[in-house]
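Undergrad: Fold the following, please.
(chains A and B)
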Amino acid sequence: MAPVPVRLTINGQAHDVVVEPRRTLLEVLRTDLGLTGTKENCLEAECGVCTVLLDDLAVNACIVLAVQCRGRAVVTIEGLAAGDDLHPLQRAFIDHGAVQCGYCIPGMILAAKAYLDESVEPDEAGVRQALAGNLCRCTGYQKIVEAVLSAARARPAGAAAGPP
Amino acid sequence: MSGATRVVGRSLPRMDAPGKVTGTAIYAADFALPGMLHGKVLRSREPHARLLRIDVSRAAGLPGVRAVITAADVADVRYGGSVKDEEVFARERIRFAGQPLAAVAATSPEAAAAALAAIEIVVEPLPAILDVAAALAPGAPLVHEGWADYVALPILHRERNVCNRARIVVGDVERGFVESDRVFEHRFTTRSVHQGYTEPRAAVAHWDSAGHVSVWSNTQLPFEIQGTLSEILQVPSSGVRVIVPGVGGGFGGKLRVGVEHFAALLARKTGRAVKVMTTSEEELTAAYARQPAIVELRTGVTRDGRILAREGRLWFDTGAFAGSGPGVASVATLMLAGPYRIPNLLLEGYAVYTNKTNFGSFRAPSGPQANFAVESQTDIIADALGLDPLEFRLRNIVREGEEGPTGQVLTAVGLEECLRKAAAAIGWAERRPAPGRGKGIACGWWTTTGGSSGVYVKINPDGTVALNTGAAEIGTAALTGAAQVLAEDLGVELADIHVVSADTLSTPFDFGAQGSRTAFAVGNACRAAAADLTRQVLTLAARHLGVEESALQMQGGVVTAGEGRRATLAELARLSQASGGGLIAHGTFVAPPTPYDTKRVEGHVYPAFHSPSFHAHAVDLSVDAVTGEVSVHRYVVAQDVGFAMNPTYIEGQIEGGVAQGLGQALSEEILYEDGRVLNANLTDYKMPTAVDVPRVESILVQHPSLVGPFGAKGVGEPPNIEPPAAVANAVASATGVRITDLPITAEKIALARPERPA
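TA: Predicted coordinates:
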């Protein structure tokens, strides 16, 4: 199919791209836009390394078409820190030793953010369930879970939007 | 270790963490060059066949295709570490389903995939050797008809489909059995499991006008890849530069050449940069997964629970090529002895060719397979003798100053402490707390691999320090550990160290990120460099300040003389740059040989464990009465790490190693049918997720190594060794069912239960 113009809103910025309709958000992020913080592995939504936020929900960018993202907000790992100020989840992952090889970490952090943003009372079981689609082979998940729970504890009261 | 350290021994955040949490860290899979083409590999669907014809003409004419290469386009060389039996593409004979037949470079991955589909091949299928038994059967066809002519390490014992038989003989095993009150014989089997790194193997290659190739790869061993590429490409090693950007996990799966050669060959053919990256299907069919194993153990004991003799054989399916097999079969014999004092031993490890992928080194290669057998049998024997399994172990484990199986003298043996602490933490006194619930324990030992490491360390004009190492950081934080050593010895902060790593052109040699050796060996090289640099700094400072060297002290980035005279490292570095070429040191380390009794071994590539570590795992689990499903409640690891360089990341190694080990224990298996993999995707190959892995409690035991930096031992591989045995023992404790075949699935447990009365 012929390429079509798409305006993508990524990390609050508009990007005009011309893409074949079959192309995935992952491919466009990594190849066309150079946003390689979103990682690539299985390409069939099993490993979770390509997790991004699409209208605040965690999705696997490898099975989302770029054209499906018209008019919707995409957040990638590059959009989380405010300048030099890391997002509390990023800070917590560093402080808790939750990072080893790091390849799963961008997806983990975004999956965790989606969970915390919608949870009024986050707990360990909830965190583990929220991260169950993100494989990590280095950490055994323990320090990742601890990091997410610590970020949850540190957030101001009423920070979670809760269910809409 | 005295408590006077400032930087080592502290849980400081790893140096590369900010880049990894913000997405700015560049991995090999992210790497790209202008005009880069995409390469893909055509792989055989037949496990064993004659390749009659391969026609690439239609594929080569497709849009976007820039090159198609086959065996006809590459030098007819065989390569490999211990046996040179490998080839880039099958030439006349196909030896496994997944073997490369051709490769394509095209302007997009889709165009390359379309070209693969357009390559015409004609094969004549042959009967395949699908397991070790078939390979060893009398009159079995040969996987390599020309095996005897291959170049190989001279010490290997090779014969037909066996590409090495390693052996340890101690005492007189038959007499030991005669003197024993009871002799136990068991057979255990394990299946292939994949390392499961989340970053696929990836490489980008680019040739320059001088005929030199640069390859950006996520290999664990850039210097080995340099050598292998030099052989394959037929260019001098100085013409091959291997650079390692970030690595998304390795676990031994990224040791040997994976996609680098395809990228380099395609790049040479096209004159363009080419990137090749594996798919999940390629990973599960044609990578270096763990060798399946058959283990037979015969162990003789006295009535009061002393082990007198052991005969053990372990056969590894090494697949179509030797690869790591001969070495891993050697290590297996040391693991079959276990961390036990046994006066009579006959132990053999075999690496056997079959028509499967070339299985390889996975974190503690041979460890989980051998330990599963040894530690399962240890429990079986204890039960039969009416002894508590912990007590039986304590009567037989090696202790300080005793001999290992090949006669090495063991020092810094923390095993008893590990066993007692793990048992206490799991609540061993109550082994069967409820129906269907039980606890298991397993212990083991492992090596800290030797090899040499070099570092260049220089002091920058601002007083910070550059650490230039040939080792790759694969995720363990080993280079953070080495930098902590350097910071400690130079009297600066960890934040003052900048690391440059793993570029065969510009970094000094390193034996590589393998065998739990990086922090150990690079750390020691850093100590040597720091000592040299300190001498240089003091000599320069003495001249500059006009005092005797002996009057100087160096700490906190400042050199001071008693009478208030001082010079900062920054000043001295600038002074040296203006007058003497800068402050720089080349620190080196090579692990001293571990003496052993050469008469005890044959065909052995790895006859002793350097600075061995000792460990005990304990698990508390329940087994569902109906389904057989296992739920792990608690998991405890007590590991003798020598000295905890950075406790947080050692815990991280333990937690991750246990998770990976639990996958091997309970759910992971590459399933074969007729030589083809049935589950070559991450849906059907079941790695543990965040909801599957329990909390792991780490107990760091510290009996300092005499050789390691500040007493540290290798820590990365060991946590992967004991989980299958610990789980098997706990399942037996919970249910009375002994599973001797990994993985211990719910189905196997349910089917093995005695029939209930109707």
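
Undergrad: from here on, contacts and neighbour counts on C-alpha atoms
TA: Will do.

Undergrad: anything in stretch B:281-291 near chain A?
TA: No - on the criterion CA under 8 Å from any CA of the partner chain, stretch B:281-291 is out of touch with chain A, staying 8.8 Å away.

Undergrad: Need the mean per-residue confidence for that stretch.
TA: Stretch B:281-291 shows a mean pLDDT of 98.

Undergrad: Now do it: distance to the chain's middle.
TA: Taking CA atoms, centre = their mean, to the nearest Å, the mean C-alpha location of stretch B:281-291 is offset from the chain mean by 15 Å.

Undergrad: Just the mean pLDDT for stretch B:707-714, thanks.
TA: For stretch B:707-714, the per-residue pLDDT averages 98.

Undergrad: Show me what it is in contact with.
TA: Stretch B:707-714 has contacts (CA atoms under 8 Å, 6 or more residues apart in numbering or on different chains) with B:1, B:447-449, B:485, B:515-517, B:519-521, B:523-524, B:527, B:591, B:611-613, B:641-645, B:703-705.

Undergrad: can you do 6 Å?
TA: Contacts of stretch B:707-714 with the rest of the structure, by CA atoms under 6 Å, 6 or more residues apart in numbering or on different chains, involve B:448, B:516-517, B:520, B:523-524, B:641-643, B:704-705.

Undergrad: Need these in TSV (columns: neighbour count, secondary structure and distance to B:G319).
TA: Listed next are the contacts of stretch B:707-714 as TSV, based on neighbours: other CA atoms under 10 Å in any protein chain shown; DSSP: H, G, I helix; E, B strand; the rest coil; distance: CA to CA, whole Å:
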residue	neighbour count	secondary structure	distance to B:G319
B:T448	26	coil	27
B:S516	24	coil	25
B:R517	27	coil	27
B:F520	32	helix	32
B:G523	32	helix	36
B:N524	28	helix	37
B:V641	28	coil	34
B:G642	29	coil	36
B:F643	24	coil	38
B:P704	24	coil	39
B:S705	23	coil	37
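
Undergrad: ok, so of these, who is nearest chain A?
TA: Closest to chain A out of those is B:S516 (14.4 Å), distances taken as CA to the nearest CA.

Undergrad: Which residue ranges make up each domain of chain B?
TA: Per automatic domain parsing, the domain ranges recorded for chain B read B:17-25+B:450-590, B:31-126+B:210-249+B:254-262, B:293-448+B:596-752.

Undergrad: same deal with chain A?
TA: With automatic domain parsing as the reference, chain A has domains A:4-79, A:88-154.

Undergrad: now the strands for chain A?
TA: Using DSSP state E, the strands of chain A run over A:4-10, A:13-19, A:51-54, A:57-60, A:73-75.

Undergrad: Show me what the shortest one is packed against.
TA: Taking 3 or more CA pairs under 6 Å, 6 or more residues apart in numbering or on different chains; DSSP states H and E as the contact definition, the neighbouring helices and strands of strand A:73-75 are strand A:4-10, strand A:51-54.

Undergrad: Deepest in the core, which of these is it.
TA: Comparing the helices and strands packed on strand A:73-75 by mean neighbour count (mean count of other CA atoms under 10 Å in any protein chain shown), strand A:51-54 ranks first with a mean of 25.

Undergrad: out of the domains of chain B, which comes closest to A:E124?
TA: domain B:293-448+B:596-752 (9.9 Å; CA to CA).

Undergrad: Do me a favour and get the end-to-end distance for that closest one?
TA: 21 Å (CA to CA, to the nearest Å).

Undergrad: for chain B, what are the nearby residues on chain A?
TA: Applying CA under 6 Å from any CA of the partner chain, we find that chain A lies next to chain B at A:37, A:41-42, A:46, A:77-78, A:90, A:100-103, A:128, A:132, A:135, A:138-141.

Undergrad: Narrow the residues you listed to those in helices?
TA: Counted as lying in helices by DSSP state H, out of the residues of chain A next to chain B, are A:90, A:128.

Undergrad: Residue ranges in chain B under the pLDDT threshold?
TA: Scanning chain B for pLDDT under 70 picks out B:1-3, B:755-758.

Undergrad: pretty sure A:K39 contacts A:G48?
TA: No - between A:K39 and A:G48 there is no contact under CA atoms under 6 Å: 8.8 Å.

Undergrad: Great, nothing more from me.
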